[in-house]
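Asker: I need the structure of the sequence given here:
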Amino acid sequence: MDAAEYKHVVLGLIFLKYISDAFKEMYEELSKDKSSNAEDKDEYLAENIFWVPKKARWDYLQSNAKKSEISKLIDDAMDAIEKDNLTLRGVLPKDYARPSLNKQR
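Answerer: Predicted structure coming up:
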């Protein structure tokens, strides 16, 4: 893989980590507030934080990182994030499961 391609792989993962961290911080705040629902998408949208579905959260992906299907889980995570965040539709990379990235596994 050349450097230009590597950049896109890494930047997608960095973005995923960043929005997961922002989501988690807000999730923890909402969990402390008895009048809020930490799983309510609208709570996040009101604060301009991307909604991150459970199967797209960094903790979930990290707990499955050793599995052979991790690349597909990442692609699925990107799809799920785009589905729930209209401003991201068609923007996130979803080619982590392609053979050229997985040939060294």
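
Asker: with adjacent residues omitted, what lies nearest to Tyr27?
Answerer: Ala38 (5.0 Å; Cβ to Cβ, 6 or more residues apart in numbering). Every C-beta, even on glycine, is put in place using the N, C-alpha and C of the backbone.

Asker: give me the number of residues near that neighbour?
Answerer: Residues lying near Ala38 (other Cβ atoms under 10 Å) number 14.

Asker: could you report the pLDDT at it?
Answerer: At Ala38, the model reports a pLDDT of 97.

Asker: ok, now the one 10 residues further on?
Answerer: pLDDT, the model's per-residue confidence, is 95 for Asn48.

Asker: next one: phi and psi at it?
Answerer: phi 60, psi 40 (degrees, to the nearest 10).

Asker: neighbours of it, how many?
Answerer: The number of residues near Asn48, taken as other Cβ under 10 Å, comes to 7.

Asker: against Asn85, how distant is it?
Answerer: Noted for Asn48: a distance of 11 Å to Asn85, by Cβ to Cβ, to the nearest Å.

Asker: rewinding a little: pretty sure the residue nearest to Tyr27 sits against Glu25.
Answerer: No. Checked against Cβ atoms under 8 Å, the pair Ala38 and Glu25 is beyond contact range at 11.5 Å.
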